[in-house]
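Peer 1: Dropping the sequence and predicted coords here.
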Amino acid sequence: MKTAKNNGKNETKIIQLEELSWKQLDALDRTKTIVFIPLSPLEEHGPHLPIGTDLLTARDAAKEAIRLVSKKKPDLTLILFPAIPLGYSKMASDFPGTVSTQVHTIKMIVSDVCCSLAKFGFKYFVICTFHMDLGHLKGIYGGMNKAMKFHDIKVIEPWGPYFHHKEVEKREPQVGFDTKKEVHACFRETSLMNYQYPYLVDPSYKNLQSIYRDLYSPRVLGKTFKEIGITEGYVGSPARADSDYGRWYFSQIVETYAQSTLDMVEGKKPSELPKKSQMLMRSMFWLK
């Protein structure tokens with residue numbers, strides 16, 4: 001089954017796993033099939049952005065990455081798994097709309113999904129997440145490692161290494177202010193939603209004052225937003241949002257997913273999280 005064209009239009013039709021029969025799935029060449037798995041939690045994003053910000057971004061970027069990879073490697077079959085609206089998000093858990101699971105839950109979901117397909121010979125998986133909480137990533141990487149321990153498969157998660165190596169800050173266009181403090185429902189994510197889903201962005205963002213906190217400080221580790229005085233559910237300066245920046249940001253996510261996928265197929269070693277991030281994840285001994 002090759003990636004089809006959509007009604008003659010110059011746009012690649014996405015093959016969605018849930019729309020296939022088991023015989024259609026079973027007919028695929030395992031050595032040339034890649035499964036993209038969007039996985040991000042439902043989570044409050046301030047008074048101005050949708051609860052599904054991270055999930056929508058991961059799903060949409062996965063679709064665009066599939067289109068991009070299919071142009072470069074038309075012999076591959078690229079499958080989109082249904083977006084999984086789950087993740088660890090304790091920090092935002094005291095606001096309505098945040099659905100935070102245990103880290104172990106994420107580990108088992110990633111492992112079980114990959115193992116269920118690996119059982120029938122599928123070998124390549126791309127976990128597409130946009131939620132960068134280290135607890136969430138701990139669950140994902142735990143699940144990836146568990147699945148790869150029991151099956152001869154390759155599972156990658158591209159955005160975590162890119163984000164935590166601060167490639168966004170290194171490459172982003174000049175915006176006239178320090179973006180290092182932009183953390184959640186901030187300039188970046190508001191710009192992203194203004195580009196992707198402007199009709200889902202409440203215009204009130206234009207009047208929101210800038211609020212900053214160091215969420216990596218030991219003093220706030222393990223605490224929720226409200227416990228550290230964040231009463232509106234955002235950290236950063238959403239009023240500065242710019243849709244042109246959002247377009248650039250979205251393209252970075254898509255290109256990172258796509259390039260990492262091509263590298264995987266070519267047998268290249270995947271990018272890793274920074275050593276510091278790995279150490280922090282391991283130090284979260286209370287997150288099981």
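Peer 2: Yep, it's here.

Peer 1: what's stretch 95-111 in contact with?
Peer 2: 37, 39, 41-44, 51, 84-90, 92-93, 127, 135-136, 138-140, 142-144, 146-147, 155, 225-226, 233, 284, 287-288 (Cβ atoms under 8 Å, 6 or more residues apart in numbering). The C-beta positions use only the backbone N, C-alpha and C, and glycine is treated the same way.

Peer 1: How far does that stretch stretch from one end to the other?
Peer 2: 29 Å (Cα to Cα, to the nearest Å).

Peer 1: Sort out which residues of it are buried, please.
Peer 2: Phe95, Thr98, Ser100, Thr101, Val103, Ile106, Lys107, Met108, Ile109, Val110, Ser111 (16 or more other Cβ atoms under 10 Å).

Peer 1: Same question for stretch 275-286.
Peer 2: Those would be Ser277, Gln278, Leu280, Met281, for stretch 275-286 by 16+ other Cβ under 10 Å.

Peer 1: from the buried residues of stretch 95-111, which ones fall inside helices?
Peer 2: Val103, Ile106, Lys107, Met108, Ile109, Val110, Ser111 (DSSP state H).

Peer 1: The worst-scoring helix or strand of the chain on mean pLDDT: how far from the chain's middle?
Peer 2: Least confident helix or strand of the chain, by mean pLDDT, DSSP states H and E, is helix 275-283 with a mean of 88. In this view, helix 275-283 has its centroid 19 Å away from the chain centroid, taken as Cα atoms, centre = their mean, to the nearest Å.

Peer 1: tell me the two of the ones in helices among the buried residues of stretch 95-111 that are most distant?
Peer 2: Spatially, the most separated pair among those is Val103 and Ser111, at 12.5 Å (Cβ to Cβ).

Peer 1: need the buried residues of stretch 95-111 in CSV with pLDDT, can you?
Peer 2: Shown next, in CSV, are these (pLDDT from 0 to 100):
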residue, pLDDT
Phe95, 97
Thr98, 98
Ser100, 97
Thr101, 97
Val103, 96
Ile106, 98
Lys107, 97
Met108, 98
Ile109, 98
Val110, 98
Ser111, 98
